[in-house]
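**Q** Let me see the structure of the following:
(chains A and B)
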Amino acid sequence: MSFHIFKYSFKSMIKDNMALFWMLFFPIILATFFNLAFQNLTAGEGFERVNIAVATENKMPVGLEDAMEDSDLFQISYMTEDQAEKQLTENKITGYLTNRDGLEMVILDSGMNQSISKVFLDNYLQVSTTVHGIIEEDPRILQTDFLESINLRQGYLQETPVSNSMNPVVIYFYALMAMTCLFSAIAGCYSTALIQANQSPVAARINIAPTHKLRAFVSMTAATILFQMSSAMILIAYITQILKVDFGDRIIHIAALCLVGCFTGSMFGTLFGAVTKFKSDIKDMLISNIVVIMCFLSGLMVLQMKYIVQQHAPIISYINPASLITDGLYALYYYDTFERYFLNITLLAAWGLVYCALSILILRRQKYASI
Amino acid sequence: MQVFKLFYKIVPRKFLAVFVIYTIIFVGLMSFFSRSGFTQIEDAFEISKVRVSIINQDDSQLADGLESYLNQIANPVEIGDDEDSIKDALFFRETEFIVTIPKGFQESFESGDYQNIRTMSVPDSTSAQYAKTIIESYLNTARLYMSAYPDMPVEEVNQRITRDISVEAEVSFLERATSEDIGGLNMYFNFLSYIMIAMLISMVGRIMLIFNNREIKMRNYCAPMSIKRYNYQLILSNLLIAFVIWGVFVSVAFIMSGNSISQPKSLLFILNSFVLTVLCLSISFFVSSFATKNSIDPLGNVFSLGLSFLGGSFVPQALLSDQLKTMGTFNPIFWYVRVNDIIGGMNGATQSSMDAIVYGMLVQLAFAVAFLAVALVIIKQKRYAL
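**A** Numbers count the residues shown, from 1 in each chain, chains lettered A, B, ... in the order given. Coordinates of the predicted model:
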């Protein structure tokens, strides 16, 4: 009997076009949009040498050009001031230097590259002021090797390598995975309507049959989870194989997290269906909106949201199943250790069990003499 | 005016909630974005502020001097000092450069055999280069003094550096029209395209579905009213609701940003969004001509998200891939966002930019006419298939 209910629940889900669209095709379409639109999102972040022109009319201060060359920060070109002005208006260069009455940088707009150039020039002027000051105070120093020891760039800094996987765009895809898993809540909510005799005629029919309610419930939930898990797997395959988004190589861990996510999602839906008393389409609307809000808080629309929530209301990121799924995937991608992943998956499972226990307590032993 | 009256009986009953929800989401998102968006640009050179977090373990004169210099020129960000929060902050770009000044830094710096300052950053990023330049600039000056006056106390070195680093290079701007900053407004109107389509499809589209219902249509057509009149009233009602929505969002734009409405750029934005409203109305009319009660939600979502994602409403067009830019020619929203960006970036009303703006608006109107024409054909086909 269990298998019978399982089979038919699953069949009816596959034949439901709406369910198929929202739970499978919508995430795939959204993933495609994300991929197309976010491809170059972090491209502007990488450092490229600042294109700067030096006007050839006047001589530059001694040592400046050498220092600029040595710094590896600039791509220097030489041209007349008129040419430089033209190139600047066409945005081919960041700015140009002239030395008519003192060193001057001409630019079009404020910006990062302009700031780098300015700080570098400031530094050059400062060092020359300092050197002049020192020499004026004590000319004897010229006889030592002081001037030779001046070096504008020394290795004071040592870079500690972080992870190479630093692309924040993946958070969008992780939140999307969370959404796909948690959409099982809609099916979960629907399965309550199929098991609770006062909610639908089908449920009334099922309750007449001498199948134990818990058995029917477990079979339906299993069908829901199987269905949702399959669509999550299809989505993962699509994202990693066709869109080539990096999900890391811990595929078993990812699958486990999705499975638990589907379970928690469908239990959440069941509980919601059992507790609330609305018409079925209003229930559907409410539950899908709740899921989308959860995903919003974990970064589906604005990826910084996940960080903001974590900083200002950490409690939400431990309660919200979407955050737990997103964070679990993030931990797999970014962290070398598994602690954070296991914390997330454990919490997620715990919430699932809590929802499950509550739903069973509410649903059990409700009998109707007449409806 | 029976049709018109009926229309406005349906709207408040069924769609007020939709309207309120979309508005709240939109305003909420926009005010969230605008934390960084709506800033006034000053005339003078504004140095870019890189987000730097300093973990100062040394607490010596030199380290403190460096810290306060960095705080001045960069944007200090407080983060937790455990490894997880450092890594998280860096991943989400909350901070771009993390500096750890090790204990005993000053002592070793004086002796010449210095300890390195440890840094963490997004690999190969511009902001990291920038922060490095700033730090090196400070330490270079310190090193100079120390090698010139080995006996000078660190306090004095610090004082002298502070004096020296007030020397700055001249920066001048090449003829730049100074005007009110409208970057925030630009972003708002770009984002508006998504809300407009989503909202009009879910409101106008659904109402049209009610009117297109077979039984209701059969009933309405037997009324002693010409089909022409019936359709005119429907069109009028649709236009009215679209323009009310447009009016609301345009007012919200200026209330939120505080920009003045009378400057030419604002007027151009308003004009462009008006064209957008007509376009979106036509798209929702098109969608409702073939959608059913069940499929209008999925269709509406795919249309609104697809057109706006690929058109650059969420991600600036400059960051879209070339492939997508080519595809964008077939996307009316792409043209809308492009016109917005031209308006936002233009320096005074030059002939070339005005031409581009007018051209972009005409293309949008052409799309609107095309969608409407296809919708009318479908509706006509369906009428005979009754």
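
**Q** what about stretch B:261-274, average pLDDT?
**A** Mean pLDDT, stretch B:261-274: 88.

**Q** go on, stretch A:171-191?
**A** The average pLDDT for stretch A:171-191 rounds to 92.

**Q** try stretch B:358-375
**A** 94.

**Q** send the alpha carbons of that stretch over as CSV?
**A** Extracted in CSV, the C-alpha atoms of stretch B:358-375 (Å, rounded to 0.1, in the frame of the first residue of the first chain):
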residue,chain,number,x,y,z
VAL,B,358,15.4,60.0,-29.5
TYR,B,359,16.4,57.0,-31.6
GLY,B,360,16.3,54.7,-28.6
MET,B,361,12.9,55.9,-27.6
LEU,B,362,11.6,55.4,-31.1
VAL,B,363,12.9,51.8,-31.2
GLN,B,364,11.0,51.1,-27.9
LEU,B,365,7.8,52.5,-29.4
ALA,B,366,8.4,50.4,-32.5
PHE,B,367,8.6,47.3,-30.2
ALA,B,368,5.4,48.4,-28.5
VAL,B,369,3.6,48.6,-31.8
ALA,B,370,5.0,45.3,-32.9
PHE,B,371,3.8,43.5,-29.7
LEU,B,372,0.4,45.2,-29.9
ALA,B,373,0.0,44.1,-33.6
VAL,B,374,0.9,40.5,-32.8
ALA,B,375,-1.5,40.6,-29.8
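
**Q** List the buried residues of that stretch.
**A** B:360, B:361, B:363, B:364, B:365, B:367, B:368, B:371, B:372, B:375 (16 or more other CB atoms under 10 Å in any protein chain shown). All C-beta spots, glycine's among them, are computed from the backbone N, C-alpha and C.

**Q** Identify the residue nearest the fifth one in space, chain neighbours excluded?
**A** It stands for residue B:365. residue B:275 (6.3 Å; CB to CB, 6 or more residues apart in numbering or on different chains).

**Q** Now intersect the buried residues of stretch B:358-375 with the helices, please.
**A** If you go by DSSP state H, those have B:360, B:361, B:363, B:364, B:365, B:367, B:368, B:371, B:372, B:375 in helices.

**Q** Closest to residue B:292 out of those residues?
**A** Of all those, residue B:292 sits closest to residue B:375, with 15.2 Å by CB to CB.

**Q** which residue lies farthest from the center of chain B?
**A** In chain B, residue B:151 marks the outermost C-alpha relative to the chain mean, sitting 55.3 Å out by CA atoms, centre = their mean.

**Q** pretty sure that one is in a strand, no?
**A** No - judged by DSSP: H, G, I helix; E, B strand; the rest coil, residue B:151 forms no part of a strand; its state is coil.

**Q** Give me the below-cutoff pLDDT ranges for the chain.
**A** Using chain A here. A:43-44, A:143-154 (pLDDT under 70).

**Q** nope, chain B please
**A** In chain B, residues with pLDDT under 70: B:33-46, B:112-113, B:175-182, B:347-349, B:384-386.

**Q** Beyond the helix of greatest length in it, next helix or strand please.
**A** Once chain B is assigned using DSSP H, the helix that runs over the most residues is helix B:2-37. Counting by DSSP states H and E, the next helix or strand C-terminal to helix B:2-37 is strand B:51-56.

**Q** what's next to that next one, contact-wise?
**A** Outside of strand B:51-56, the residues within contact range by CB atoms under 8 Å, 6 or more residues apart in numbering or on different chains are B:63-64, B:67, B:70-71, B:74-79, B:81, B:86, B:89, B:93-101, B:127, B:131.

**Q** Centre of the chain to it, how far?
**A** Averaging C-alpha positions (CA atoms, centre = their mean, to the nearest Å) puts strand B:51-56 28 Å from its chain's average.

**Q** Give the buried residues for that strand.
**A** The neighbour-count check on strand B:51-56 (16+ other CB under 10 Å) flags B:51, B:52, B:53, B:54, B:56 as buried.

**Q** Tell me how the chain divides into domains.
**A** As the question left the chain open, I've gone with chain A. A:2-38+A:171-363, A:48-149 (automatic domain parsing).

**Q** oops, chain B please
**A** B:2-40+B:178-384, B:51-164.

**Q** would CSV of these with distance to residue A:155 be doable?
**A** Formatted as CSV, the domains of chain B follow (distance: least, CB to CB, whole Å):
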stretch, distance to residue A:155
domain B:2-40+B:178-384, 34
domain B:51-164, 7
